[in-house]
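1. just need the structure, nothing else, for what follows:
(one chain, ligands or ions: 1)
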Amino acid sequence: MRIGFGIDYHQLAEGRELWLGGVRIPSEKGAVGHSDADVLIHAICDALLGALALGDIGQHFPNTDEAYKGIDSKILLSKTFEMVKASGWRVVNIDSTVTLEAPKIMKYALAMRETMAGILGVGVGDISIKATTTEKMGFVGRGEGLVAYATALLEKV
Ligand SMILES: [Zn+2]
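-> Next up is the predicted model:
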């Protein structure tokens, strides 16, 4: 077994789409980034890479590379999962938490779990998504940004 941890931050701004867990969430503000800025998928990619001790998402998919400009992060998750498989591992389960002030995202959690489970070759019950605010404190509380945390457990095939 191998365990990995990932964390990701993005700024929030008006005029951007908000993508989380591969699903577009209706929101006044969206995440700013080189890709679609899906903070949850990015944290999960880092957790998977962490479990493999293969560095981080920025090394594999540089935000200076035009190839990744505006890219759907589901493609990055799929490419990361290819590395998991190529290394001889499979995903056991993933747990995650998204920290943001607004909007409320839990009604989209099942859609996000289904989307990511399909990419990672696991069941919906193997992907957990939780959400919290920071009780109005700090940059998350002011709606300036959002954070996602994820852990991943891998098992040798
Ligand atoms: Zn990111």
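
2. residues contacting Asp38?
-> Each residue near Asp38 by CB atoms under 8 Å, 6 or more residues apart in numbering is listed here: Trp19, Leu20, Gly21, Gly22, Ala31, Ser73, Lys74. Backbone N, C-alpha and C define where each C-beta goes, glycine included.

3. could you pull out the helices for this protein?
-> Taking DSSP state H, the helices of the chain run over residues 39-52, 57-60, 73-86, 109-120, 138-141.

4. out of those helices, deepest packed?
-> helix 39-52 (a mean of 27; mean count of other CB atoms under 10 Å).

5. what helices and strands are in contact with that helix?
-> The helices and strands touching helix 39-52, judged by 3 or more CB pairs under 8 Å, 6 or more residues apart in numbering; DSSP states H and E, are strand 2-14, strand 18-20, helix 57-60, helix 73-86, strand 89-99, helix 109-120, strand 145-156.

6. which among the contacts of Asp38 gets closest to Arg113?
-> Checking the contacts of Asp38 against Arg113 by CB to CB gives Gly21 as the nearest, at 7.2 Å.

7. burial count for Asn63?
-> 11 (other CB atoms under 10 Å).

8. residues of this protein that sit close to the ion?
-> When proximity is defined as CB under 5 Å from the ion, the chain approaches the ion at Asp8, His42.

9. apart from its neighbours in sequence, what residue is nearest the closest residue to the ion within the chain?
-> Closest contact between the chain and the ion, by CB to the ion, is at His42 (3.4 Å). Nearest residue to His42 in three dimensions, chain neighbours excluded: Asp8, at 4.0 Å (CB to CB, 6 or more residues apart in numbering).

10. OK, contacts around the one you found?
-> By CB under 8 Å, 6+ apart, Asp8 lies in contact with Val39, Leu40, His42, Ala43, Asp46, Ile57, Val147, Ala148.

11. same thing but 6 Å
-> With contact set as CB atoms under 6 Å, 6 or more residues apart in numbering, Asp8 has these partners: Val39, His42, Ala43, Ala148.

12. with mean pLDDT as extra columns, can I get the helices and strands packed on helix 39-52 in TSV?
-> TSV is the format used below for the helices and strands packed on helix 39-52 (pLDDT from 0 to 100):
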stretch	mean pLDDT
strand 2-14	98
strand 18-20	98
helix 57-60	96
helix 73-86	98
strand 89-99	98
helix 109-120	98
strand 145-156	98
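
13. that's all I had, so thanks and see you.
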